[in-house]
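Enquirer: Just a sequence and a predicted model for now, questions to come.
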Number of protein chains: 2
Amino acid sequence: MTYRAPINDILLALNHGAGLGKAVAAGHYGDFDADITAAVLEEAGKFAGEVLAPLNRVGDEHGIKLADKQVTTAPGWPDAYRQWAAAGWNAVSGPEAFGGQGLPLAINAACTEIWSASNIAFGLCPLLTLSAIEALDAHGSEELKKIYLAKLVSGEWTGTMQLTEPNAGSDVGALRSRAERAPDGTYRLKGTKIFITYGDHDMTDNIVHFVLARLPDAPAGTRGISLFLVPKFLVNGDGSLGARNDIYASGVEHKLGMHASPTCTMTMGDAGGAIGYLIGEENKGMACMFTMMNQARLAVGLEGVGIADRAYQQALAFAQERKQGRAVGKKGDGLDPIIVHPDVKRMLMQMRSMTAAARSICYATAVALDVAARAGDAKVRADAAARGALLTPIAKAFSTDIGNKVTYLGVQVHGGMGFIEETGAAQHYRDARITTIYEGTNGIQSIDLVTRKLAANGGESVWALLEELSAIVKQVEASNDPAFGTTGAKLREALGSLERSSKWLLERMASAPNDALAGATPYLRLFGATLGGCMLAGEALAAKSHGEAEPGRYVAVARFFAENVSVQAGSLEKTVMDSADAVNGADAVLLG
Amino acid sequence: MTYRAPINDILLALNHGAGLGKAVAAGHYGDFDADITAAVLEEAGKFAGEVLAPLNRVGDEHGIKLADKQVTTAPGWPDAYRQWAAAGWNAVSGPEAFGGQGLPLAINAACTEIWSASNIAFGLCPLLTLSAIEALDAHGSEELKKIYLAKLVSGEWTGTMQLTEPNAGSDVGALRSRAERAPDGTYRLKGTKIFITYGDHDMTDNIVHFVLARLPDAPAGTRGISLFLVPKFLVNGDGSLGARNDIYASGVEHKLGMHASPTCTMTMGDAGGAIGYLIGEENKGMACMFTMMNQARLAVGLEGVGIADRAYQQALAFAQERKQGRAVGKKGDGLDPIIVHPDVKRMLMQMRSMTAAARSICYATAVALDVAARAGDAKVRADAAARGALLTPIAKAFSTDIGNKVTYLGVQVHGGMGFIEETGAAQHYRDARITTIYEGTNGIQSIDLVTRKLAANGGESVWALLEELSAIVKQVEASNDPAFGTTGAKLREALGSLERSSKWLLERMASAPNDALAGATPYLRLFGATLGGCMLAGEALAAKSHGEAEPGRYVAVARFFAENVSVQAGSLEKTVMDSADAVNGADAVLLG
């Protein structure tokens, strides 16, 4: 159960598929020196393989413990976290003014894949910290930034995001935690939060909680929510830690997977109220949350990519070792490794090609978000922002769907051994399961894609993307390379399905919104299958033209994806357009 | 987490979809009184709901223990098993000459669904006993039958099937356990078996093991395997239990799911050799195994149906209770249950329609196996045997794929709660995972479908089935019922895809067998999607014409399946025909 970061695949996807190379050449990345990318990723891969991967199973078996209001993580975890932060990994894309390295989000995206692949439950902790950094950097007062931001950027302290309550999950506006104004300008928070990831742990001295709560006079719903910074330990004027704040882990969940990541119930106000500091303005907490949603959703998509790659690596190694049966037509004695069987090859190619497609989509999202933040030209920034917004729900949902499908296949390739926990394939399968749920369920991503992203500007972002994808398909067709098989034809058909479905949904959004909502999930899958196929084909072309050592491998991956996944676009188009009545008329069946 | 057997749905699928009614009317079931079916299933549902369902979670949490070479099951389990056997449930389809009720396999198939739905780990135990009964009844000597068969039929003793060894999983022929002839005509067995389901437990006084092993002078491979009956306790002449035999559970697996079902490593020969009795002839053990494969595979398919239905019932109840957000366009205060959201309706309809399709396919398989064994006319028996053989791999693989997809969706409908073990949705998801692996992986089922079942008689069994399905589609089209939506068109297209793919595979079987093998899995899915869609449409038509109380529900289910699952046939056809090169050329990617 070793892990080796697929540096060549990552670099191809990043530089060519996702367009980092082109964006750097166009000057959108300022003075970023792209030559360091490979070296950074090599180092990340080394740390992940040597330190994090060996702790993955320990964490799963040992889990976490809550005693005396304090969570203890698995053996070796606090030490690994400190090493990881000390090596500067938490600070990769952090703001330079607060000690960050200011590297592109795209580089950190590749690192996030690597941490998730090696140890997804470990990698989850810094994801929350990054969201906290983003919120504080964008909306916090200078005073709060001075005290907390550098510690969060370095990873010396971690962050949490506290939205969910028993009756407020996907519907954040239903939350009830209360914040009362104190005379000194701070607030006193009371209430209970659930499902708080790394809500407490023993890996750092302090934890900085970002908590959504309502003021006594707040309007109902999402317009009455404010965001507060609530430290586990108060911080003295000299930066040293002061009194324990009135926020505690009062319970931890027994979960299907991610056993090493504490999921806490947090109680505030048992001793009068947790001291909190307002972030941004009163009642504008949801706006603060929205600014960081893109990055957090992308990060979860990258978890999908990472866990998929890990499962693939493990299944591939098993299939090369495990001997059962013989290849068709083989003479003589002796068994063959199961990788000779076409059905096993099919599973492994599904795993590999789906992982690669998800990776490309996620990295392209990261590059778009980077350009939106970094480019000098306002139009370039605006276009990139629209592209990033469009791709984010696809990156999140399509990649985490893939994380689940690939880990499922990983178990299947192992046969009976896959069902035995000792093998490790089952852990990936269990760990992956949450990724389609948190940071907005994949259903919510689909609705976001249709109702906000597709509908923005009458579909303009989608048409612009379709044009780029169509250009790739033209190149595939023009290449006349027989190794592409029917890739060009499959992608051409998929693009047609995506365009027609997009137009149909735009029309229904106006005339029959429930019809559009009924088609949201198949539409997102259709989008991912088409986009992923085109991107892989583009990477294969780049591999051929840029002197990659074995470009045929990328052509084969692109072809497999087009002929097995992108080919589903036609069926998905029909489902989008024809099944709305069956969905919206379901009450007679479901409630009968 | 209650369970209520869906008796109406089961009866419609059994009597109309699967054709039990027609077969009884044609006299193929002899003097079987079909009027008792509903009463038997009502009773089974009652027992399952009251006794077995409440033990499902207990079993998962408690698991099993191995100490002093003896396995202990979870609290309440031995008692429940004894009640279950005492009520006659083990004997439903057992041979009347040995105390069985001799009811059709189709009735027992519905019961198997019910046991699996209420408690899949419990229901697994009698599945093994039924295989043992089948082997002993078909191939055992009269003496062995006299001693063991009645006890197995009543369920007073349970049976195990011991094939797998560390190096012999899918490839049974590689097994190494040894059997030596003893002077008294019995045998002494030595060796180690792994993954033995209910290899030991405390629910009965004795366990009758059916063990594959090699004689010292046996030929290599599958032609040198013999089948032995090896009791846990030897049986005295008067039927009382004698000495403990030299076969012990030496280990139990820590598994992803099915925690309550002991999966044992069995060691024979630590004290000189386990006493075994030959079943059938020496070196003909594989033939004995093959005779019972159809029923065992069908039974696993029914596990898929059962666990899917359980997950559906739980998700439906949750979606009706859990309030988050509001329906589109709704005014006023208050949250709605999440079932108002089209995306949630879509998930629930996927769950329900896929479960129903799998059920119909499994029951049709059972009716075919019944008619093959019971009909008076030799031609009817032969045709039914061919139908049963054709449907068995589809029943097994398609239904267990569905069991996994539906339990996956069950977790998703629960949102964050689905990831918490306490909710119970995750248990179904974990338990279902083994069903695509044991009794022949689903990849092996696909290969069986293509290389043996489709290829038998040049595809004759498939053409005969296509004709029947086409007649159903004609009726849908002729009904002009707008509630069917595009069902007729979707099924017509799917039938075309299935026919063309079948012909293509038949041709490739001869000219390029690896191309046919590469397409086996998508072909099985295409077959299931088409067959399931047509069967559900047929049931909907029957519900309308036979005065079912709410036929519209069945029409809606059939329509949803056609427009969301059967519609995939076109894409799957392309994958079957176009992706063989991508699969068989994968070595460059996978091994590069």
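Expert: Cool, the structure landed. Predicted, not measured: the structure shown is a model, and the values here were computed from it. Residues are numbered from 1 along each chain as shown, chains lettered A, B, ... in the order given.
Enquirer: remind me which residues of the stretch 401-550 of chain A are low pLDDT?
Expert: Applying pLDDT under 70 to the stretch 401-550 of chain A flags no residue at all.
Enquirer: Spell out which parts of it neighbour chain B.
Expert: The interface of the stretch 401-550 of chain A toward chain B, taken as Cβ under 8 Å from any Cβ of the partner chain, is made up of A:404, A:408, A:411-412, A:415-416, A:418-422, A:426, A:429-430, A:433-434, A:436-438, A:441-443, A:446-447, A:485-486, A:490, A:513-514, A:517-518, A:520-522, A:550. Quick note: C-beta positions are derived from backbone N, CA and C, even for glycine.
Enquirer: ok, now with 6 Å
Expert: Residues of the stretch 401-550 of chain A lying close to chain B (Cβ under 6 Å from any Cβ of the partner chain) are A:415-416, A:419-421, A:426, A:434, A:437, A:441, A:443, A:485-486, A:513-514, A:517-518, A:521, A:550.
Enquirer: Helices - which of these land there?
Expert: A:Ala426, A:Gly443, A:Pro513, A:Asn514, A:Leu517, A:Ala518, A:Thr521 (DSSP state H).
Enquirer: How far away from the center of its chain is stretch A:103-120?
Expert: 10 Å (Cα atoms, centre = their mean, to the nearest Å).
Enquirer: oh sorry, the question was meant for stretch A:353-366
Expert: 11 Å.
Enquirer: Could you check it against chain B for contacts?
Expert: No - Stretch A:353-366 does not reach chain B (Cβ under 6 Å from any Cβ); its nearest approach is 8.7 Å.
Enquirer: from the ones in helices among the residues of the stretch 401-550 of chain A next to chain B, which would you call buried?
Expert: Among those, those classed as buried by 16 or more other Cβ atoms under 10 Å in any protein chain shown are A:Ala426, A:Gly443, A:Asn514, A:Leu517, A:Ala518, A:Thr521.
Enquirer: quick check, nearest of these to B:Thr158?
Expert: Nearest to B:Thr158 among these is A:Ala426, at 26.9 Å by Cβ to Cβ.
Enquirer: these two touch, right, that closest one and B:Leu256?
Expert: Yes - counting by Cβ atoms under 6 Å, A:Ala426 touches B:Leu256, with 4.1 Å between them.
Enquirer: before we move on, back to that, from the ones in helices among the residues of the stretch 401-550 of chain A next to chain B, which two are the most distant?
Expert: Among these, A:Ala426 and A:Pro513 lie farthest apart (Cβ to Cβ), at 40.9 Å.
Enquirer: buried stuff in the helix or strand containing A:Val367?
Expert: Using DSSP states H and E, A:Val367 sits in helix A:342-374. Across helix A:342-374, burial judged by 16+ other Cβ under 10 Å covers A:342-372, A:374.
Enquirer: how about the lowest-mean-pLDDT helix or strand in chain A: buried residues?
Expert: In chain A, no helix or strand scores lower on mean pLDDT, DSSP states H and E than helix A:285-291, which sits at a mean of 86. With burial defined by 16+ other Cβ under 10 Å, the residues of helix A:285-291 counted as buried are A:Gly285, A:Met286, A:Ala287, A:Cys288, A:Met289.
Enquirer: Look at A:Asn457 and give its secondary structure.
Expert: Under DSSP: H, G, I helix; E, B strand; the rest coil, the three-state class of A:Asn457 is helix.
Enquirer: ok, now how distant is it from A:Ala389?
Expert: 11 Å (Cβ to Cβ, to the nearest Å).
Enquirer: quick one, which of these two is more surrounded?
Expert: A:Ala389 (21 against 11; other Cβ atoms under 10 Å in any protein chain shown).
Enquirer: and that one, what helix or strand is that in?
Expert: helix A:378-413.
Enquirer: Identify the residues contacting A:Ala537.
Expert: A:Ile472, A:Val476, A:Thr487, A:Ala558 (Cβ atoms under 6 Å, 6 or more residues apart in numbering or on different chains).
Enquirer: For the stretch 151-300 of chain A, which segments count as strands?
Expert: Along the stretch 151-300 of chain A, counting by DSSP state E, counting those that start in this stretch, strands occupy A:158-162, A:178-181, A:187-197, A:207-213, A:226-231, A:233-235, A:241-244, A:247-252, A:263-268, A:274-279.
Enquirer: could you say what helices and strands the least confident helix or strand of chain A packs with?
Expert: helix A:105-139, strand A:226-231 (3 or more Cβ pairs under 6 Å, 6 or more residues apart in numbering or on different chains; DSSP states H and E).
Enquirer: The shortest one vs strand A:158-162, what angle?
Expert: When axes from the mean of the first three to the mean of the last three Cα atoms, to 10 degrees is applied, the directions of strand A:226-231 and strand A:158-162 differ by 150 degrees.
Enquirer: Give the pairing partners of strand A:226-231; include direction for each.
Expert: Here strand A:226-231 is paired, per DSSP bridges, with strand A:207-213 (antiparallel), strand A:274-279 (antiparallel).
Enquirer: Okay, angle between the first one and strand A:263-268 too, please.
Expert: Computed with the same axes, to 10 degrees, the direction of strand A:207-213 lies at 70 degrees from that of strand A:263-268.
Enquirer: Which residues does strand A:207-213 contact?
Expert: A:132, A:135, A:148, A:157-163, A:177-179, A:189, A:225, A:227-228, A:230-232, A:285.
Enquirer: go again using 7 Å as the cut-off
Expert: Strand A:207-213 is touched from outside by A:132, A:135, A:148, A:152, A:157-163, A:172, A:175, A:177-179, A:189, A:191, A:193, A:200, A:225-232, A:247, A:276, A:279, A:285, with contacts defined as Cβ atoms under 7 Å, 6 or more residues apart in numbering or on different chains.
Enquirer: Now do the buried residues in it.
Expert: A:Ile207, A:Val208, A:His209, A:Phe210, A:Val211, A:Leu212, A:Ala213.
Enquirer: ok, now stretch A:110-117?
Expert: A:Ala110, A:Cys111, A:Thr112, A:Glu113, A:Ile114, A:Trp115, A:Ser116, A:Ala117.
Enquirer: Stretch A:167-181 now?
Expert: A:Ala168, A:Gly169, A:Ser170, A:Asp171, A:Val172, A:Gly173, A:Ala174, A:Leu175, A:Ser177, A:Arg178, A:Ala179.
Enquirer: Centroid-wise, who is the farthest residue in chain A?
Expert: The centre of chain A is farthest from one residue, A:Gly332, which by Cα atoms, centre = their mean lies 48.7 Å away.
Enquirer: Show the pLDDT at that residue.
Expert: A:Gly332 carries a pLDDT score of 72 in this model.
Enquirer: got it, and A:Met1?
Expert: 66.
Enquirer: Excluding sequence neighbours, find me the nearest residue to A:Leu175.
Expert: Nearest non-adjacent residue to A:Leu175, counting by Cβ to Cβ, 6 or more residues apart in numbering or on different chains: A:Ala168, 4.0 Å away.
Enquirer: so how far is A:Cys264 from the one you found?
Expert: Taking Cβ to Cβ as the measure, A:Ala168 falls 16 Å from A:Cys264.
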